[in-house]
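1. Can you look at this prediction? I've put the sequence above it.
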Amino acid sequence: YAASNHPVDYATGQTTFDADRIKGFYAVMEQAGTLDIYVRTQVIDMGFLTMIGVFGLLLGTLVARLGAPGSWARGAGLGAAVAAVFGALCDASENAVSFIMLADPQGFADWLALPYSGFAVVKFALITLAMALVLAALGLGLAGRITTRLSKG
């Protein structure tokens, strides 16, 4: 991302909701001759988001197993898995809109900035939620196991 000479940070670039600003970002990279690096970054991101979805699904279901069926820990772990998968799907949707915009970096329809940034905001929220739910599932699951051992004790 940095190698593409993108003029703002990752999160700011994706959450502007402003077509003119996005076109300005693209213009900076076009003038620097680095827009192709940015496009390549978007392609690489497709693999990264796939791994986030898979890893989130696996980690979420793993920590869910710490909790008993029907427990808060189990629910938090499964919730983390779902949030990670849907976060990855929002990232894929954001990238799809990005590729449409990059096909005509200065002439894309202005309204495309809204779903592009909207998908990005939801992606960030869901991935953050997934991380928080993994931590909650770990804490609740371990507390539940300790409590069960102490009560049998």
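-> Sure thing, it's come through.

2. How many residues are close by Arg145?
-> If you count neighbours by other Cβ atoms under 10 Å, Arg145 ends up with 14. Bear in mind the C-beta positions are built from the backbone N, C-alpha and C, glycine included.

3. So it is in contact with Leu66, correct?
-> Yes: at 6.7 Å, Arg145 counts as touching Leu66 under the criterion of Cβ atoms under 8 Å.

4. Tell me the residues that contact both of the two, please.
-> Shared contacts of Arg145 and Leu66 (Cβ atoms under 8 Å, 6 or more residues apart in numbering): none.

5. Next, please give the residue ranges for the helices of the chain.
-> For the chain, the helices defined by DSSP state H occupy 10-14, 19-32, 35-64, 72-102, 113-152.

6. chain center to stretch 10-26, what's the gap?
-> 17 Å (Cα atoms, centre = their mean, to the nearest Å).

7. let me redo that: stretch 134-146
-> What separates the centre of stretch 134-146 from the centre of its chain is 24 Å, taken as Cα atoms, centre = their mean.

8. if we look at that stretch, which residues are touching it?
-> Here stretch 134-146 makes contact (Cβ under 8 Å, 6+ apart) with 59-60, 63-68, 71-74, 76-77, 80.

9. can we see that at 10 Å?
-> 56, 59-68, 71-81, 83-84 (Cβ atoms under 10 Å, 6 or more residues apart in numbering).

10. Next: stretch 31-50.
-> Stretch 31-50 is contacted by residues 1-7, 10, 13, 25-30, 52, 87-96, 98-99, 102-103, 105, 123, 127 when judged by Cβ under 10 Å, 6+ apart.

11. From those residues, list just the buried residues.
-> By neighbour count, with 16 or more other Cβ atoms under 10 Å, the contacts of stretch 31-50 hold 4-6, 13, 25-26, 28-29, 52, 87-95, 98, 102, 105, 123, 127 as buried.

12. Touching stretch 2-17 from outside, list them.
-> Here stretch 2-17 makes contact (Cβ under 10 Å, 6+ apart) with 1, 21-22, 24-29, 31-42, 91, 94, 98, 113-121, 123-124.
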